[in-house]
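Asker: Predicted model, plus sequence, below.
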Amino acid sequence: MRIKMSWAAVFRLRQYVKASLWIMPMAGLVLGFVLAQWAVTAHSSDWTPSGWRYSATTASGVLSAIVGAMIALLGFVVTIGVLVIQQATGTLSPRYMRLWYRDRLQKAVLATFTGTFAFAFSLLRSIETHSVPDLGVTLAGGAVAVSLLLLLVYLNRFTHNLRPVAIADLVGRMGEEVFEHMAGSVRSSAPHPGEPAEALGGKTVVRATRGGAVQALHTAGLSAVAARHDCVFTVPHVIGDYVPRGAVLVEIRGGTSVPDHRQLTGLIALGPERTIEQDPAFALRVLVDIAIRALSPAVNDPTTGVQVLNHIDSFLTAVGRSPLPGRYVLADADGRPRLVLRGREWEDYLQLAVSEIRDYGATSLQICRRLRALLDGLLDSLPPVHHPAVRAEIGLLDAAVERAFPDPARRSLARTADSQGVGGRSRTGP
């Protein structure tokens, strides 16, 4: 019997594979055993160069050393992973771990180590007094060299990339890329001018059969189903919202027939937590988490908060320049509206970006000055439609400074915009 998985189940499976730290190492283990059998077979054909000949004692010693070294290196990498988890949950953001698990270099290192271990161990079992897999021993030595090179690259990368500012740069760029991709998809699926955005007729609702955060939508699949039944679907939730079991997941308006509810729920992926695939605000959430942890009394590192604000500034500028509404209408292949989605307004992104940082950093001169520079820069670079929201945030920042700095001189200093927080080129705010 053929079992067909829904799109949501496939999406969750892909998420599991991306975050898994055992699938690639297991593949490396299997590949190591397979290559070892090939090396033994190739040795039996007796084409090995004369310089690649080893005695049984030498080959056993070399392979035994490789097996022990690979086990030790695996333990070393696992120890680094534990330290990363401790740092991420303690000084960065637990949400960042969902992105760190996906690092391909780490998986490649683990797969190379397990593959080299399996290769050497399999060859070790095939050594006899008068039969030594010379080609395999030489290849095992080459695999060790590759493993050491990858280890050095791994250490260099994580030594530099575990700094909060490096993580902020990575997460910020990921968020901007996801936003640009989503914005492009919305523009390319816009309905033809003059088409009504809502279908006439009664409303039917599809309720969630399980609870979870909305991780992703298969917009093309939803539009195709709506076109097949000549109706319009409305998803009343923003990607990232938590939907409890039994809540309305999709609203159906109009139509010549009733779509299969199980098919619709299979086109909306729900999971235990948010993902970044279709949720650029999740990247902004991680950035804000890093900043407010740096501003906590236990850490007290406002300079890190200023560095994170640099990347938040870039993200907000990219979002503000994109003329997307808070409600998206997507069309089918004929240009007729088929899918209505809720989107985040510009004010939602701005509030998420600055509210908590302003509250936790109100007593920091650096944070107040950098926030002022950020908001002034948005007024200069964004279209006038966004200016009221920015001015409202400037008013809230002024009120926070008024409460935190009773001394007039320090209050005036805190209200001076500075792109470096303290020490950059400053100008007095309004």
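Answerer: Ah, there it is. Numbers count the residues shown, from 1 in each chain.
Asker: only C-alpha atoms for contact and neighbour calcs from this point on.
Answerer: Fine.
Asker: most residues in a single helix of this structure, which one?
Answerer: helix 56-91 (DSSP state H).
Asker: counting contacts, what elements does it pack onto?
Answerer: Where contact means 3 or more Cα pairs under 8 Å, 6 or more residues apart in numbering; DSSP states H and E, helix 56-91 is packed against helix 104-126, helix 134-161, helix 280-294.
Asker: The same query, at a cut-off of 10 Å, please.
Answerer: Contacts defined by 3 or more Cα pairs under 10 Å, 6 or more residues apart in numbering; DSSP states H and E place helix 56-91 against helix 97-100, helix 104-126, helix 134-161, helix 280-294.
Asker: For it, which residues meet the burial criterion?
Answerer: For helix 56-91, the neighbour count (16 or more other Cα atoms under 10 Å) marks 56, 59-60, 62-64, 66-67, 69-70, 73-74, 77, 84-85, 88, 91 as buried.
Asker: before we move on, what about stretch 330-350?
Answerer: For stretch 330-350, by 16+ other Cα under 10 Å, it's 330-332, 336-343, 346-347, 349-350.
Asker: for stretch 246-262, same thing?
Answerer: 248-255, 259.
Asker: Ok, stretch 265-275 next?
Answerer: Under 16+ other Cα under 10 Å, the buried positions of stretch 265-275 are 265-271, 274-275.
Asker: Over to stretch 120-134?
Answerer: 120-124, 127, 132-134.
Asker: if we can go back for a sec, which of the buried residues of stretch 246-262 fall in helices?
Answerer: Those of the buried residues of stretch 246-262 lying in helices (DSSP H): none at all.
Asker: May I see these arranged in a markdown table, with distance to Ala8 as well?
Answerer: Formatted as a markdown table, the buried residues of stretch 246-262 follow (distance: Cα to Cα, whole Å):
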| residue | distance to Ala8 |
| --- | --- |
| Val248 | 17 |
| Leu249 | 14 |
| Val250 | 15 |
| Glu251 | 18 |
| Ile252 | 19 |
| Arg253 | 23 |
| Gly254 | 25 |
| Gly255 | 24 |
| Pro259 | 17 |
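Asker: Closest to Asn161 out of these?
Answerer: Leu249 (39.2 Å; Cα to Cα).
Asker: How about the contacts made by that closest one?
Answerer: 205-209, 214, 234-237, 243, 264-265, 268 (Cα atoms under 10 Å, 6 or more residues apart in numbering).
Asker: From Ala145, how far out is it?
Answerer: Here the criterion is Cα to Cα, to the nearest Å. By it, Leu249 lies 54 Å from Ala145.
Asker: now Ala108
Answerer: Going from Ala108 to Ala145 by Cα to Cα gives 14 Å.
Asker: Neighbour count for these two, which is higher?
Answerer: Ala108 (18 against 12; other Cα atoms under 10 Å).
Asker: Please look at the more buried one and Val77 and confirm they touch.
Answerer: No - contact criterion Cα atoms under 10 Å: Ala108 and Val77 do not qualify, at 11.6 Å.
Asker: can you list residues touching both of those two?
Answerer: By Cα under 10 Å, 6+ apart, the residues touching both Ala108 and Val77 are Tyr154.
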